[in-house]
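[1] 3D model of this:
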Amino acid sequence: MFLRCSAGLLAAGILVLLPADHAEQESRRLDRYEMVTGPIVVDGVGADVSGLAYSPDTGTLFGANNNPAILFEITTGGDVLRTLKVTENNDTEGVEVLPGSRLVVTEERLRNLLLFQIPQERSATQLHRDEAGVLRIVEAPPDNIGLEGVTYNPRENCFYVAKERDPCMIYKVQLAGSSQLLDDAEISELFELDNVETANGLHFDAVTGNLLVISSRNKCVVEMTLEGQELSRLSDIPLPQPEGVAMDGEGTLYVVSEPNLLCVFKRP
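    Alright, predicted model coming up:
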């Protein structure tokens, strides 16, 4: 299924096909990535940065600060373009960018997904929670080990959502038909992780069809199949608490960490 790969990509060394035990599965080979920029201090977005997503439409990054609840847009070099305070909320964790200028955000303690429309006016400074679409992923008492990362799979029109720990779980949120609204979504457990202590952020790689999972406790990014099989790992990330991960169309990897740090990784 994933063997269709252009000669240009292979020549550039962006993708490889893993042999034997990982037959017919493309991989980014994260173990070959090196830090090329950072850590960069991202000023003006708060000191509790967690989620990160890349927007192919704008070529920029969107991030989430947990408390106070702030969503922000920055360049891939860490320059702040705008910040949006989320009213009636202090628990924003993961963030994902959708087509049509929309953002999906996780609320950790309440275990919700929130769907926001990104204001077209650059002068806008707020997003109102009571105007967002809301979907409860799992019923549980509010605590600080709930939902963290979220990412979108356009192939299947679904989200993947990470529960941080106890257990580390990846949920699949299947949307209805071609809709990207949260109404009538079906929620299921995709797989439980036993190779990291925490699951803090997610990125779906549309090129390989794999998931990237970042762990703050293990300070690593793990590339995994949708069946939960580990393919490669970027270890020893030089950040205090890496929680957000994103990748652009060229395969460049971006990682954010508390308090407000950004690192960029590439394959040589």
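
[2] use CA for all of it now, contacts and neighbours both
    Noted.

[3] got any ranges where the stretch 151-268 of the chain has weak pLDDT?
    Applying pLDDT under 70 to the stretch 151-268 of the chain flags no residue at all.

[4] Kindly recompute the last result at 80.
    For the stretch 151-268 of the chain, applying pLDDT under 80 flags the ranges 177-180.

[5] What lies in contact with the helix or strand harbouring residue 190?
    Per DSSP states H and E: residue 190 is located in strand 186-192. Applying Cα atoms under 8 Å, 6 or more residues apart in numbering, the contact partners of strand 186-192 are 137, 167-176, 226-228.

[6] Tell me which residue is most central in this protein.
    residue 202 (3.6 Å; Cα atoms, centre = their mean).

[7] got the contact list for that one?
    149-151, 160-162, 211-214, 244-246.

[8] Could you list which of those residues belong to strands?
    149-151, 160-162, 211-214, 244-246 (DSSP state E).

[9] List just the nearest of these to residue 74.
    residue 246 (12.8 Å; Cα to Cα).

[10] Pretty sure that closest one sits against residue 253.
    Yes - under the contact definition of Cα atoms under 8 Å, residue 246 touches residue 253, with a separation of 5.9 Å.

[11] Counting neighbours, go ahead and name the busier of those two.
    Neighbour totals were compared for residue 246 and residue 253, and residue 246 leads with 29 against 21 (other Cα atoms under 10 Å).

[12] bridging residues for the more buried one?
    residue 254 (DSSP bridges).

[13] How are the helices of the protein distributed by residue range?
    For the chain, the helices defined by DSSP state H occupy 7-12.

[14] on that earlier part again, gap between the residue nearest to the centre of the chain and residue 235?
    16 Å (Cα to Cα, to the nearest Å).

[15] and the strand holding residue 190, which strands flank it?
    strand 169-174 (antiparallel).

[16] Now do the partner strand: everything it contacts.
    Counting by Cα under 8 Å, 6+ apart, 156-163, 185-193, 199 sit against strand 169-174.
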